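can you look at this prediction? I've put the sequence above it.
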Amino acid sequence: MVNILKIIGKVFFGFVGICVIAVVFCSWYTRSNTKDYGDNRRVLNITNGNSKEALIVYQPSRGGKTDKVAENLAKGIHDAGYEVTLDNPGKHLKTDLSEYSIVVFGSPVYMGQISPVLTQYMNSVKSLTNAKILLFATGGQLNNGELDTLEQQLGSVKATEKIGFKSGKADETLAYKTGKSFAGK
Ligand SMILES: Cc1cc2nc3c(=O)[nH]c(=O)nc-3n(C[C@H](O)[C@H](O)[C@H](O)COP(=O)(O)O)c2cc1C
């Protein structure tokens with residue numbers, strides 16, 4: 001009887017331990033979605049000086065996937081002839097985006113949620129009516145709901161295109177192609 005109680009105790013505390021570790025891991029991993037990473041501006045220049053401008057604002061994900069997707073989108077848009085600025089959302093970013101012909105917003109999805117740092121920034125943005133807008137999300141099993149939620153942050157403005165990246169390494173090639181074709185439209 002004592003042995004059975006000992007085994008039940010070990011199983012119980014083992015299970016509780018695993019649950020605690022899982023909760024700590026999930027909350028640490030997903031905290032990257034609520035962090036303001038500050039100014040991380042990078043520009044892909046065009047030397048002739050007459051180029052149209054594109055802006056990509058994205059929330060980084062813990063494992064770096066969303067950076068890679070954003071960087072490949074940027075390369076594609078740049079190769080289509082645009083000067084491209086990449087940055088992360090936050091208070092440092094200006095909200096008047098009237099100078100940009102293309103604006104891209106992107107976020108990872110954790111626990112069904114897109115980044116509140118990004119949505120807060122999107123809510124504050126003005127002068128988007130003349131830009132083509134691309135929205136993207138990265139995740140493991142995305143559905144259109146996350147992209148629709150992103151679009152709702154723009155108020156009455158509609159996205160030109162929405163795309164989910166959920167295929168691992170192949171997403172980098174897809175992002176480049178998407179950026180290039182989107183800019184060429
Ligand atoms: C704790 C946790 C929760 C997640 N929740 C979702 C989710 O609800 N929907 C989804 O599509 N992907 C989910 N994912 C997958 C992430 O969205 C995916 O990892 C994302 O593309 C960021 O990639 P990275 O963390 O490897 O950079 C989750 C991943 C983790 C670790």
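Nice, I can see it. Since the model is a prediction, treat every value here as computed from it, not as a measurement.

SS state for the most centrally placed residue in the chain?
The central residue of the chain, meaning the one whose C-alpha is nearest the mean C-alpha position (CA atoms, centre = their mean), is Ser107 at 2.0 Å. Secondary structure state of Ser107, per DSSP: H, G, I helix; E, B strand; the rest coil, is strand.

how is the chain partitioned into domains?
2-33, 42-184 (automatic domain parsing).

pLDDT at Lys185, what is it?
Lys185 carries a pLDDT score of 82 in this model.

Provide the backbone phi and psi angles at the nearest residue to it once chain neighbours are set aside.
For Lys185, ignoring the flanking residues on the chain, the nearest one in space by CB to CB, 6 or more residues apart in numbering is Lys132 at 7.2 Å. Where you see a C-beta, it was placed from the backbone N, CA and C, and this is true even at glycine. When read as degrees, to the nearest 10, the backbone of Lys132 gives phi -80, psi 130.

hey, which helix or strand in this structure has the poorest pLDDT?
Within the chain, judged by mean pLDDT, DSSP states H and E, the helix or strand with the poorest mean is helix 2-30; its value is a mean of 86.

return the distance of that helix from the chain's centre.
Taking the mean C-alpha point of helix 2-30 and that of its whole chain, the gap between them comes to 33 Å (CA atoms, centre = their mean, to the nearest Å).

what about the residue nearest to Lys185, how many neighbours?
Here the neighbour count serves as a burial measure; for Lys132 (other CB atoms under 10 Å) it reads 17.

ok, Leu154 next?
Burial measure for Leu154: 17 neighbouring residues, criterion other CB under 10 Å.

report pLDDT for it.
Confidence per residue is given as pLDDT, and for Leu154 that number is 94.

ok, it touching Leu134?
No: the pair Leu154 / Leu134 is not scored as a contact, 11.8 Å apart, by CB atoms under 8 Å.

what pLDDT, on average, does stretch 36-51 get?
In this model, stretch 36-51 has a mean pLDDT of 90.

nearest to the ligand, out of the domains of the chain?
Using CB to the nearest ligand atom as the criterion, the shortest distance between the ligand and the domains of the chain is 2.5 Å, found for domain 42-184.

that closest one: end-to-end distance?
Looking at domain 42-184, the gap from its leading to its trailing residue is 22 Å under the measure CA to CA, to the nearest Å.

what about Asp36, which SS state?
coil.

distance of it relative to the ligand?
Using CB to the nearest ligand atom, to the nearest Å, Asp36 is found at 17 Å from the ligand.
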